[in-house]
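Q: Sequence plus predicted model, see below.
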Amino acid sequence: MMEKLYLIARIADTRVALRSRAINSVVTVGTPVHVPAAPPHVAGLFALRSRVFTLIDPHVVIGLPAVAVAPGQRVIVVDVADHGYALLADAIEDVCFIDAPETRVTGRLLPGWARVADAMIEYEGASLLVVDPSHFITLPVAKAA
Amino acid sequence: MDDLLNDFLAETAEILAEAGGALVAWEADPADRAQLDAIFRLVHTIKGSSGFLSLPRVTALSHAAEDALDQVRRGNRPANAALVTAVLAIVDRLSSLCGVLGSTGQEPQGDDSDVIEALALVDDRPAAKAAPVVAETAPTDEDINAELQSWRSIRVPLPLLDSVMTGVTDIVLARNEFARLLRESGADASVIASFDRLSDSIAGMRQSVSQMRMQRFDMLFSPLARFVRDLALDFGYKVRFSTSGGEVELDREMMENIRDPLIHIVRNAIDHGIEHLDERVAGGKGITAHIDVSARQSGNQIEIMVRDDGRGLSPDALVAKAISARIVTAAEAKALTPREKLELIFRPGFSTAAKVTSISGRGVGMDIVKANLEKIGGVVELRNDEGRGLTIALRVPMTLTIISGLMVRAAAQYFAIPRGSVREILLETSDSVRIDRVGGGELATVRGEQFPLLRLEHVLGGAIDDTDDQDDRAIILVRPGQGHSYALSVAAIHDHEELVIKPAAPMIMATGLYAGTTLPDNGRPVLLLDVQGLLAAAGVDASEAGRSHDANAEAEAEVAAARDVAQLLLFCDVGGRMRGVRLSVIERVEEVPAAALFETAGTVQAKIGTDIFPVHAAAAPKGRDAVKLLRLNDGQSVLCYPIEAVIDIVRLPDVVQAAQEPGLIAGVVLIGGQPVELIDPFWLMAQYGAEQAVPSSRQPLCRLSDDVDGWADNFLAPILRNAGYRVVSGDKVVEGERPDVQLCFVDGPAAPVAGDVPLVRLRSSVAATGPDDDSIYRYDRGALLEALRSRVAGARS
């Protein structure tokens, strides 16, 4: 059943579906700590209980200008390679079972989205991109290289 | 039962390793009561646990060792090397038993009476010679039991420990939040007081929990001592092993990861690094090789250095080996830089497959060491001083490390700096600081010492916040590593606290500016600055060399002076006496086959290579295969002095009891309480020097005239050549050279005196013809040579 569970969220101005097994939790953040000289998609650091998480701004990953973090904004916490990250979400809609199968991405996407999208899925009469949160973290490093 | 057995095995393996180290330390200093107590406790623990698991052999062995050690503790038996060896044998037997236990789960059948009896045998020695182990009164059983209680330990699974740790950190954060709320609500003083009590105990708990995860380097170093001892014995080397930085702490997991690489490097140091005794002497080194292992916290890293004073790496030899192992082609090898040549040892397949010894043949090479280190984010560095030693530095990142950190502010944000690399903190407005702008860069001069100045805001790519109070700006003198230092300017110094450092996300670490993150009590993450990375980012050369400050030069001069101190080579001469000679006159120690020594004309000569050297000996040695020779060199001639064995190199004492008469023995000195005869190289050389041809750049030319019957050529010329003259006969003329002296016969044909060449005339009769006769009897060797010498000298002056 877990495979069918998705988090529907609005990140980088786009509604997307995230596979729930890739997600650790959804929390709210206060003011993050700025990291000078870090890559542009690093929005800062924040602590959740005793762990320090790196906040990622998906806007920058997609190629949009960075947005300021509003206090109390919700973030999607994920673990990638033993490090904790959080993706800034514009809005968190729902966690739901989607019975429809994931399908291949059809149509031409913006380059930024093409990199992070794995598949598409049909949900409540709309097509959503299924994105892998780890792509938001690893990609810009590759881009910088 | 299996769990119990596994715990026992893990614990015992640890204890045995520790006991081995402690035993070696104890052997070095039998009066060290603390070591003895430690060993006793370790053995006692094994005995206790094994009895519980019904392992009769283990129990019997540990009981025997415990018994013997207890007798020493109580002053009933002496502590000596034999006892240590016997206990080490028991430790080894226990190790092998545990090995079998681990693989089969059964204690193997067998008989341990050999090692136990060996221990008992030592016991038979007279107790009267008891070492002064027990200066204080022997401890009572209660004391011993109390000690055991304080030492005991248990094993806990790692995840449990981690969850306790996270839990405590969460409690701390919750406490802080609670404290804030409490202050804002204006709570009752008694509530605040009781909360403070809670708060203090939480702080204490946090500290203890952090320490649970950490391990001191002592745990890693103590088994090494045993390892080095055994290895050195195998090779017949004398090795002094020292460690420092045992109090530095590292995450236990990390510690496990560097254990094998470290052992391998130490093994290499002994196996490949340290030279043979004779080679060390020839190189002017002490007989006792020195291996030093140290750990220290350097910035955000822990640096473990293994230093030996052996032969170091030879880049050319490495290249040759790499080519023969087909790791590089000759053409590739040519293109290698010196550094790359050294780093060939990290290539897979380079390692010593060709000579698998019992020690190094474990199949691990430096490539594995490097790979293991890199797996945990560490690096291996070589600092090679060919002929003088090799230092291998392992640097591992501090993950989950507790460091003392200095909190500073810059660009309205807090950062932490490892306290260990901070040398000094000064206010920018302080009188002892002068800041100069030089060609766009900044320079801080602190009490005459110059430092490149970095402003933290600029290095981090920001601007200085104008709202900050300029009077708060501080300068931190940072020393990221040996020989480097710089001044870091920050907006303000906050405070310093103990920080738990965790690695930051890879893309943050990739900036090179940060060494990790930490979470202080206020719950806002703080970045730990990488003091070395800041330098790299700023592109500043922070090397202290050539700065106005000359502390380094002083240090170097000191080292040079220490090197100049006269050293004495102690040796055992062929008669079995201990003698010494100044090391500086020894060219090398040579081992030659006995056949290379031969007697001729009453003296002994040695054929070494294509040269023949005089030997200070009455007769060629008999009944031995090889002879060791000290080769003394006074810059012109060489003399060999046969010895039995080289003993040591020591500092020449200032007080020398001079001998009455000049002779072979210049005097007597006391070395370690023993009288040692000092050889007088001056006298020694004088005995043999005359027989040496003088290898002068210009040998005088002697012309033999009118040699009618060949007497001069056959009888005289060899003597003259031996005395250092070149000889020409008759009318042969050396091109472009005038003879320095010429010889002719009084009773021969009239001498064709060429120009003003000094003349020595020889006569055949013993008696002179008259008082005016200045000729010399032809067989009067002394007079002849003297006459030649004075004529040549006279002509030249």
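A: Thanks, I have the structure now. What you see is a predicted model, and the numbers here were worked out from it, not measured in a lab.

Q: Checking my notes, B:Gln35 in a helix, right?
A: Yes - counting by DSSP: H, G, I helix; E, B strand; the rest coil, B:Gln35 is part of a helix.

Q: Which pLDDT value belongs to it?
A: Note for B:Gln35: predicted pLDDT of 78.

Q: Pick out the residue closest to the middle of chain B.
A: The residue lying closest to the centre of chain B (Cα atoms, centre = their mean) is B:Asp308, at 3.3 Å.

Q: ok, then the element right after the helix or strand containing B:Asn372?
A: Take DSSP states H and E as the rule and B:Asn372 turns out to sit in helix B:366-375. Sequence-wise, the next helix or strand downstream of helix B:366-375 (DSSP H and E) is strand B:379-385.

Q: So in that sheet, which strands flank that next one, and in what orientation?
A: With DSSP bridges as the test, strand B:379-385 is paired with strand B:389-397 (antiparallel).

Q: Put the alpha carbons of the strand it pairs with into PDB.
A: Coordinates of each C-alpha in strand B:389-397 appear next as PDB, following Å, rounded to 0.1, in the frame of the first residue of the first chain:
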ATOM      1  CA  GLY B 389      62.900   9.400   8.100                       C
ATOM      2  CA  LEU B 390      59.400   9.400   7.000                       C
ATOM      3  CA  THR B 391      56.300  10.800   8.500                       C
ATOM      4  CA  ILE B 392      52.900   9.600   7.500                       C
ATOM      5  CA  ALA B 393      50.000  11.800   8.500                       C
ATOM      6  CA  LEU B 394      46.500  10.400   8.600                       C
ATOM      7  CA  ARG B 395      43.900  13.100   8.700                       C
ATOM      8  CA  VAL B 396      40.300  12.200   9.500                       C
ATOM      9  CA  PRO B 397      37.400  14.600   9.700                       C
END
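
Q: neighbouring contacts of it?
A: B:250, B:254, B:257-258, B:261-262, B:265, B:269, B:273, B:298, B:300-313, B:373, B:376-385, B:503, B:515-516 (Cβ atoms under 8 Å, 6 or more residues apart in numbering or on different chains). Quick note: C-beta positions are derived from backbone N, CA and C, even for glycine.

Q: Can you flag the buried ones in those residues?
A: B:250, B:254, B:257-258, B:261-262, B:265, B:269, B:273, B:298, B:300-313, B:373, B:376, B:378, B:380, B:382, B:384, B:503, B:515-516 (16 or more other Cβ atoms under 10 Å in any protein chain shown).

Q: how about the residue of the stretch 451-600 of chain B found nearest chain A, what does it touch?
A: Per Cβ to the nearest Cβ, B:Leu460 is where the stretch 451-600 of chain B lies closest to chain A, at 3.6 Å. Residues in contact with B:Leu460 (Cβ under 8 Å, 6+ apart) are A:Pro36, A:Ala37, B:Ala410, B:Ala411, B:Leu513.

Q: Now flag whichever of these is closest to B:Phe227.
A: Nearest to B:Phe227, judged by Cβ to Cβ, of the contacts of B:Leu460 is B:Leu513 at 39.6 Å.

Q: got a list of what the closest one touches?
A: For B:Leu513, the contact set (Cβ under 8 Å, 6+ apart) comprises A:Pro36, A:Ala37, B:Val459, B:Leu460, B:Leu529, B:Asp530, B:Gly533, B:Leu534, B:Ala537.

Q: does B:Tyr779 count as helix, strand or coil?
A: coil.

Q: Count the neighbours of it for me.
A: 12 (other Cβ atoms under 10 Å in any protein chain shown).

Q: any idea how far B:Gly246 is from it?
A: Separation of B:Tyr779 from B:Gly246 (Cβ to Cβ, to the nearest Å) stands at 78 Å.

Q: Name the nearest residue to the residue in chain A that chain B sits nearest to, ignoring sequence neighbours.
A: Relative to chain B, the nearest point of chain A is A:Ser50 (3.2 Å; Cβ to the nearest Cβ). Leaving out its chain neighbours, the residue that sits closest to A:Ser50 by Cβ to Cβ, 6 or more residues apart in numbering or on different chains is B:Thr169, at 3.2 Å.

Q: and that neighbour, how far is that from B:Arg175?
A: To B:Arg175, B:Thr169 is 11 Å away according to Cβ to Cβ.

Q: quick one: which of the two has more around it?
A: It is B:Thr169, of B:Thr169 and B:Arg175, that has more neighbours when counted by other Cβ under 10 Å, with 21 against 17.

Q: Surely the more buried one forms part of a strand?
A: No - assigned with three-state DSSP, B:Thr169 falls outside any strand and is helix.

Q: I'd guessed it sits against B:Met205; true?
A: No - contact between B:Thr169 and B:Met205 fails when scored by Cβ atoms under 8 Å: they sit 10.7 Å apart.

Q: returning to that earlier point: list only buried entries from the contacts of B:Leu460.
A: For the contacts of B:Leu460, buried by 16+ other Cβ under 10 Å: A:Pro36, B:Ala410, B:Ala411, B:Leu513.

Q: Quick check on the last one: phi, psi?
A: To tie it back to what came earlier, the one meant is B:Leu513. Backbone geometry at B:Leu513, expressed as degrees, to the nearest 10, gives phi -100, psi -20.

Q: Now do the same for it: its pLDDT.
A: Confidence at B:Leu513, expressed as pLDDT, is 82.

Q: which parts of chain A sit against chain B?
A: With Cβ under 8 Å from any Cβ of the partner chain as the criterion, chain A meets chain B at residues A:33-39, A:42, A:45-47, A:49-52, A:54, A:81, A:83, A:85, A:137, A:140-141.

Q: Name whatever forms a beta bridge with B:Val727.
A: Legend: beta-bridge partners of B:Val727 under DSSP bridges are B:Cys702.

Q: For chain A, what's the nearest residue on the stretch 151-300 of chain B?
A: Nearest to chain A in the stretch 151-300 of chain B, going by Cβ to the nearest Cβ, is B:Thr169, at a distance of 3.2 Å.

Q: Contact residues of chain B facing chain A?
A: Counting by Cβ under 8 Å from any Cβ, chain B comes close to chain A at B:165-166, B:169-170, B:172-173, B:411, B:413, B:460-462, B:502-508, B:510-511, B:513-514, B:517-519, B:523-527, B:537.

Q: List the buried residues in stretch B:269-281.
A: B:Ala269, B:Ile270, B:Asp271, B:His272, B:Gly273, B:Ile274, B:Glu275, B:Leu277, B:Asp278, B:Arg280, B:Val281.

Q: Quick one: distance of that stretch to the chain centre.
A: Chain-centre distance of stretch B:269-281: 11 Å, with Cα atoms, centre = their mean, to the nearest Å.

Q: Could you do stretch B:324-342 as well?
A: Between the centre of stretch B:324-342 and the centre of its host chain there is 28 Å, according to Cα atoms, centre = their mean.

Q: Span of that stretch from start to end?
A: Distance across stretch B:324-342, first residue to last, is 16 Å (Cα to Cα, to the nearest Å).

Q: So for the residue of the stretch 651-797 of chain B found nearest chain A, what's the pLDDT?
A: Using Cβ to the nearest Cβ, the single residue of the stretch 651-797 of chain B nearest to chain A is B:Arg651, 53.8 Å away. We have a pLDDT of 74 for B:Arg651.

Q: and the gap between B:Lys321 and chain A?
A: Distance of B:Lys321 to chain A, computed by Cβ to the nearest Cβ, to the nearest Å: 36 Å.

Q: how about the helix or strand containing that residue: buried residues?
A: Applying DSSP H and E as the criterion places B:Lys321 in helix B:315-324. Neighbour counts over helix B:315-324 (16+ other Cβ under 10 Å) mark B:Pro315, B:Leu318, B:Val319, B:Lys321, B:Ala322, B:Ile323 as buried.
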